[in-house]
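Trainee: sequence first, then the predicted structure:
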Amino acid sequence: NAGVTQTPKFRVLKTGQSMTLLCAQDMNHEYMYWYRQDPGMGLRLIHYSVGEGTTAKGEVPDGYNVSRLKKQNFLLGLESAAPSQTSVYFCASSYSASEETQYFGPGTRLLVL
Amino acid sequence: AQSVTQPDIHITVSEGASLELRCNYSYGATPYLFWYVQSPGQGLQLLLKYFSGDTLVQGIKGFEAEFKRSQSSFNLRKPSVHWSDAAEYFCAVGAGSGTYKYIFGTGTRLKVLA
């Protein structure tokens, strides 16, 4: 039982490049989330999904897209990376809504030059 | 608007000393409250959570937290800190049953002196 895994662990991009971050969970959770963590700002929700085939915007969705084609996977895409997207990205999942514990992946550190 | 405040950005304590990390929230109804810990280079791990009932909740690693509705607080405590407790601690509020939303505080970084 791996819990929540994220790929890759670290990536360097040049401005304008694109990439996809992959999150996978093996707990059969319905809800999945993408956060970014920046110094002094805690975690901010980018996008989330309440089930396979659904996605919705969080607090800071601009510049990101997501897809949830399979229940266990939640992909975060950056179509044209900007230096402001340099951050640590965390994926999380939960069985249901906000009363439930969210389980976090180990994070992806992204540097955009 | 809902919010979570962790007023202490950094805290330094000596090993064996007691610890209290503060968390205040702003939320209209009874919130769902969580404390998470993040060790360097790691994801967040749940320490404890409060939904209802006994306002003093016990968590992992010897931590406890007390929900005080009158003070809108959910402070985290540990009677004797170990060097391995050095990490960043996040308080979070689950903003209502059936919603997706967690609101995180900005975190408190704990340093433990040997």
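Mentor: Structure received. Residues are numbered from 1 along each chain as shown, chains lettered A, B, ... in the order given.
Trainee: need the residues of chain A near chain B, please.
Mentor: Counting by Cβ under 8 Å from any Cβ of the partner chain, chain A comes close to chain B at A:4, A:31, A:33, A:40-45, A:48, A:50, A:56, A:90, A:92, A:97-107. C-beta here means a position set from N, CA and C on the backbone, and glycine is covered the same way.
Trainee: any weak-confidence spans in chain B?
Mentor: The model of chain B has pLDDT under 70 over residues B:1, B:96-100.
Trainee: coming back round to it: now the buried members of the residues of chain A next to chain B.
Mentor: Burial by neighbour count, 16 or more other Cβ atoms under 10 Å in any protein chain shown: within the residues of chain A next to chain B this picks out A:4, A:31, A:33, A:42-45, A:48, A:50, A:90, A:92, A:97-100, A:102-107.
Trainee: taking those residues one by one, which sit in strands?
Mentor: Among those, the members falling in strands (DSSP state E) are A:4, A:31, A:33, A:43-45, A:48, A:90, A:92, A:103-104.
Trainee: who touches residue 35 in this structure?
Mentor: You didn't say which chain, so I picked chain A. Contact analysis of A:Tyr35 by Cβ atoms under 8 Å, 6 or more residues apart in numbering or on different chains lists A:43-46, A:89-92.
Trainee: sorry, should have said chain B
Mentor: B:21, B:23, B:46-49, B:59, B:63, B:65, B:74, B:76, B:89-92.
Trainee: what of A:Gly107?
Mentor: A:Gly107 neighbours (Cβ under 8 Å, 6+ apart): A:6, A:9, A:37, A:88-90, B:41-43.
Trainee: A:Ser84: what secondary structure?
Mentor: helix (DSSP: H, G, I helix; E, B strand; the rest coil).
Trainee: and A:Ala2, what pLDDT?
Mentor: pLDDT recorded at A:Ala2 is 77.
Trainee: any idea how far the residue lying closest to it once chain neighbours are set aside is from A:Phe104?
Mentor: Leaving aside its chain neighbours, A:Ala2 sits nearest to A:Asp26 (5.6 Å; criterion: Cβ to Cβ, 6 or more residues apart in numbering or on different chains). Applying Cβ to Cβ, to the nearest Å, the value for A:Asp26 to A:Phe104 is 14 Å.
Trainee: now B:Ile60
Mentor: Counting by Cβ to Cβ, the gap from B:Ile60 to A:Phe104 is 15 Å.
Trainee: and the residue of chain B nearest chain A?
Mentor: B:Gly94 (3.4 Å; Cβ to the nearest Cβ).
Trainee: thought that residue was touching B:Tyr32?
Mentor: Yes - the pair B:Gly94 / B:Tyr32 is scored as a contact, 3.3 Å apart, by Cβ atoms under 8 Å.
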